[in-house]
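1. Sequence unavailable; structure follows:
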C-alpha cells in the first residue's frame, strides 16, 4: 500500500483536513517500464509491468506534465488533447499500477474558452479523471487570487453560481507549495510536501512556486502572500524530510525552468545557461541539497531531459503535447535511489481517445459553442506573435490597434497610443488551409487574449514613456519582451547602446512627428496587468508616485472583448508590414 503524509503546518489548515480522506482513496502505488512512442503504448505487453527489478530493487515510475493551461481540446499542433493524454496515462497505469502522476503547475489560467468560461472547472475535472496525484502551484493558478485557488482545490460554487444543480467538488489531486506563506500569520497556504510510501519505502514530493509570481500576476491576486526563496525553501524541507521523516528519495515539483539549446529536440541533455530571460533552473539545482533525485520543472514551456549536479531535471513542453516518463530504481536494502532515467514522449493522436474525458470535453464544448463559434470578423493573412528583428509582430500590431481604437474616444481617456505586452499573446490567428480569407471566431480571439484584463489609459510625459520603452530592452537578445505599439507610434532602438540608453527621445514619433518633450500629457493605454507593471517600473525609477495616477480611465470591456469589438467594426484585415519599431546596431 502507498501512504501519504503532509507536513504538520499544512495539517492545521482546515481545507487540508477536509481533503485528507479523499487523497488516501485515490493515491496509488508506483512503477513502470520506460516507453518511447505511440507504437510502444499501443503494442506494449502488460505482463512486462514490474514492482521489483531482477536484483530485487524497487522500481518507481513517475509521469509528469507542466503548463497544461486548460488545453482540453488538441492545440493547433500534431500532438496533445486531454482525451489522448488520458489514454497514455491510463495505459501506463494499467500495465503497472505503481505509477505517480504529477504536474509542475499552471494547470489552469491562460486557458481557452472551453475551460476559462467555466472558471477552469472542466480542466480540474479532466486532470482528476486522469489520476493526477500532486501538482506545484504555478503563477497562473493564482490569476484569480488565493480564494479562487482554494475553491479549485477543495470545491464549492464560484461566486457567479454553480453550473447546473451540483457544486464543483474540487481537485482529486493535491496542490503543494512550500514557499507560499500568509504574510500576516507566516503559515503555509498549501502543504509544503507529501510523502508517498512504495512497498514501505518513503518518497517525498516538495512543491515550489515561482518566487517571482508577484511580478507575473496582478498584485491584487497575491495580496497578503509572500513567496520565499526557491533554493532556501527546498533545502529547508529536504532537511526536514531526511532528518524527521527518514525520507531519502525526494522529488521537487517546481514552477520554474530553463531554456533548451535545441527547441526541436524533446530530450535536450544540455540547457542554455546563458539565457537572460529568467533565473535559470540550473542555479536552483546547483545550490540545492544533492539528496533531490529529480526536479520536475515548468513555466518556460520547454522540453528537456538533463542531468545537473547529479539530479535529473525535466520539463514536458506545455499544453499536454508532451509527457515526461521517469523511472527510478530504489535499493531494497538502503532505500536510496541507485538508478534514474527519463524520456519525453510526444502525446500523439494515433491512439484511441479516452471515452470518459472525451465525453467531458464534448459536454463543455457544446455548452460554450454558441459563444466560441460566433464569427466576429475575418482576416486576409496570418497574424502571429512571431517577432521581426526589431521585436514587432503582426498580432501585436493588431491588438495594440484595437486597444487604441476603443480608447481613443473621450469616454476612455482620449488615448494617443496603446502599448501591448507580447507575453499576454497566447496563440496566433492564421488562415484556414490554403484559403485567402478566413473567418475569425470569438473563441479564436479569446485564445489569443485569455486573461480578461481591463484596459487602463494613463497620462505620461515623454521621459516616462522613454523609461517604459527602455525597461523592455534590458536584454538585446530578448525580442519577445518588446512592447507592441499602435499605428501612428514608432521608435528606433540601438542594440549595441548601453542598457537604459538605447532609445533617443527625438526618435520617438507620433503620427510622423517627434514626440514633444515639453508635452506633459500623452495618454497611453495598456491592459490593467501591464499598467501595474508600468507603475512599479516608474516608481522604482523615481519617475512617478501612485497617487498621481488617480485620474486613470478604466474601460468597461476587457481586452479580449475590445479586440472582438475591433473586428466587428473592421473589414477583412491584412497584416501590417511591421515598420513601427526599428532596430540599429
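-> On my side now, so go ahead. Note that this is a predicted model, so its numbers are computed, not measured.

2. Mind listing the residues bridging to residue 64?
-> residue 102, residue 324 (DSSP bridges).

3. I'd guessed it sits against residue 324; true?
-> Yes - taking contacts as CB atoms under 8 Å, residue 64 lies within contact range of residue 324: 4.2 Å. For the C-beta atoms, the positions are set from N, CA and C on the backbone; glycine is no exception.

4. which stretch of helix or strand covers residue 564?
-> Residue 564 belongs to helix 559-568 when assigned by DSSP states H and E.

5. hmm, who's touching that helix?
-> Helix 559-568 is contacted by residues 376-377, 398-399, 401-403, 405-406, 424, 440, 442, 445-446, 448-455, 527, 555, 557, 573 when judged by CB atoms under 8 Å, 6 or more residues apart in numbering.

6. try 7 Å this time
-> 376-377, 399, 402-403, 405-406, 440, 442, 445-446, 449, 452-453, 455, 527, 555, 557 (CB atoms under 7 Å, 6 or more residues apart in numbering).

7. List the single closest residue to residue 349 in space, sequence neighbours excluded.
-> Counting by CB to CB, 6 or more residues apart in numbering, the nearest residue to residue 349 once its immediate chain neighbours are dropped is residue 84, at 5.4 Å.

8. what comes up buried for the helix or strand where that neighbour lies?
-> For residue 84, the host element (DSSP H and E) is helix 82-95. Buried residues in helix 82-95, counted by 16 or more other CB atoms under 10 Å: 82-93, 95.

9. picking that back up, just checking, which of the contacts of helix 559-568 belong to strands?
-> 376-377, 440, 455, 527, 555, 557 (DSSP state E).

10. Which one of the residues you listed is nearest to residue 233?
-> Ranked by distance to residue 233 (CB to CB), the ones in strands among the contacts of helix 559-568 are led by residue 527 at 31.5 Å.

11. isn't the closest one right next to residue 455, touching?
-> Yes - counting by CB atoms under 7 Å, residue 455 is a contact partner of residue 527 at 5.8 Å.

12. Domain map for this protein?
-> Dividing the chain into domains by automatic domain parsing, as the record does, gives the ranges 4-363, 373-584.

13. any idea how far residue 201 is from residue 99?
-> To residue 99, residue 201 is 15 Å away according to CB to CB, to the nearest Å.

14. And these two? Which one has more around it.
-> Neighbours were counted for residue 201 and for residue 99 using other CB atoms under 10 Å; residue 99 has more, 24 against 21.

15. What distance do you get for the closest residue to residue 353 other than its chain neighbours to residue 582?
-> Nearest residue to residue 353 in three dimensions, chain neighbours excluded: residue 83, at 3.9 Å (CB to CB, 6+ apart). Remark: distance between residue 83 and residue 582 (CB to CB) = 46 Å.

16. what sits against residue 136?
-> So residue 136 contacts 103-105, 176-177, 207-209, 253-255, 298 (CB under 7 Å, 6+ apart).

17. Restricted to buried residues, select the contacts of helix 559-568 in PyMOL.
-> To isolate the buried ones among those in PyMOL, judged by 16+ other CB under 10 Å, type:
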select buried, resi 376+377+399+402+403+405+406+440+442+445+446+449+453+455+527+555
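
18. For residue 263, grab the count of nearby residues.
-> So residue 263, with other CB under 10 Å, has 13 neighbours.

19. What does it show for phi and psi?
-> With angles defined as degrees, to the nearest 10, residue 263 sits at phi -70, psi -20.

20. Quickly note the distance from it to residue 326.
-> 22 Å.

21. Might one say that residue 290 is in contact with residue 310?
-> Yes - the criterion here is CB under 7 Å, and residue 290 meets it with residue 310 at 5.4 Å.

22. just to revisit the earlier point, quick check: next helix or strand after the helix holding residue 564?
-> Assigned by DSSP H and E, the successor of helix 559-568 is strand 581-584.

23. Can you list the buried residues in that next one?
-> By neighbour count on 16+ other CB under 10 Å, the buried set for strand 581-584 is 581-583.

24. For those, give me TSV that also has distance to residue 564 and pLDDT.
-> As requested, the buried residues of strand 581-584 are arranged in TSV below (distance: CB to CB, whole Å; pLDDT from 0 to 100):
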residue	distance to residue 564	pLDDT
581	26	96
582	31	95
583	32	93
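
25. out of those, who's nearest residue 507?
-> residue 582 (8.5 Å).

26. can you tell me which residues contact that closest one?
-> Residues near residue 582 by CB under 7 Å, 6+ apart: 390, 492.

27. change it to 8 Å
-> Residue 582 is in contact with 390, 490-493, counting by CB under 8 Å, 6+ apart.

28. Pick the one among the residues you listed closest to residue 171.
-> For the contacts of residue 582, the nearest to residue 171 is residue 390 (43.3 Å; CB to CB).

29. What residues does that closest one make contact with?
-> By CB under 8 Å, 6+ apart, the residues touching residue 390 are 479, 482, 493, 578, 581-583.

30. So of those, which two are at opposite extremes in space?
-> Farthest pair in the contacts of residue 390 (CB to CB) is 493 and 578. Separation: 14.6 Å.

31. Comparing these two, which residue is more hemmed in?
-> Per other CB under 10 Å, whichever of residue 493 and residue 578 has more neighbours is residue 493, with 21 against 17.
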